[in-house]
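1. Mind looking at a prediction? Sequence and model below.
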Amino acid sequence: MADAPESTKSFRAYATEVLARTDKLSPQNMALLVSCMDYRYPHRIVDVMDELGLSGKYDHFVLAGAALGGHVQSWQDVLITHIEAALLLEHHIKKLVLLDHRDCGAYRHPNEIGVPSHILDKGLDKDILPSVEFACHLSVAEKLVPVLKARLKRLIPDFKIDAILLTRDEDDVLFEEK
């Protein structure tokens with residue numbers, strides 16, 4: 001079945017091959033992806049994770065607003081609980097990838113979703129300048145990193161966090177930890 005064209009394989013055969021390849025990838029260097037729930041971006045999310053070389057090596061957690069949603073205390077608690085569960089299940093998470101996207105509804109309505117005002121005091125306008133939008137996403141992500149690192153340092157001492165702002169065509173790297 002391995003020689004059959006992709007389009008003629010059953011899903012079960014395809015999934016078996018993918019899982020076989022995934023088992024050979026380094027399970028010691030998994031990532032946890034935190035992305036927004038926006039329906040416009042699933043294909044871009046997969047593309048980015050593939051481009052980062054993380055295909056088959058990441059778990060996926062969804063929060064409205066991604067990094068922004070991570071500042072809603074109850075949502076952050078659930079995120080931490082899921083990371084703890086993943087580690088318990090021997091998912092060796094070493095990196096968190098925060099995947100925000102442009103034109104995010106959560107960033108227009110931070111107060112309504114429970115984001116503290118010291119993180120983002122008012123929502124972004126729909127027609128915001130790209131440079132201002134970029135700076136806002138960067139600020140939000142930079143504020144979240146120390147909070148997550150402090151909460152997870154006991155479980156993942158060498159935890160790395162990357163943040164990326166998805167556009168429709170090219171992505172803006174907010175920062176990458178080395």
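-> Thanks, I have the structure now.
2. Grab the most central residue of the chain for me.
-> residue 34 (2.5 Å; C-alpha atoms, centre = their mean).
3. And residue 177, what's its pLDDT?
-> According to the prediction, residue 177 has pLDDT 79.
4. so is it in a helix, a strand, or just coil?
-> Classification of residue 177 by DSSP: H, G, I helix; E, B strand; the rest coil places it in coil.
5. neighbours of it, just the number please.
-> Residue 177 has 13 neighbouring residues, counting by other C-beta atoms under 10 Å. Where C-beta positions appear, they are placed from N, C-alpha and C, glycine not excepted.
6. ok, it to residue 161 distance?
-> 6 Å (C-beta to C-beta, to the nearest Å).
7. Tell me what the residue nearest to the centre of the chain is bridged to.
-> Residue 34 has the following beta-bridge partners by DSSP bridges: residue 61, residue 98.
8. My guess is it contacts residue 59. True?
-> No - using C-beta atoms under 8 Å, residue 34 is not in contact with residue 59; the gap is 9.8 Å.
9. Okay, strands next: where are they in this structure?
-> Ranges of strands in the chain, per DSSP state E, are 30-35, 58-62, 93-101, 160-166, 172-175.
10. Quick one: closest of those strands to residue 154.
-> Nearest to residue 154 among those is strand 93-101 (13.7 Å), distances taken as C-beta to C-beta.
11. Show me which residues of the closest one are buried.
-> 93, 95, 96, 97, 98, 99, 100, 101 (16 or more other C-beta atoms under 10 Å).
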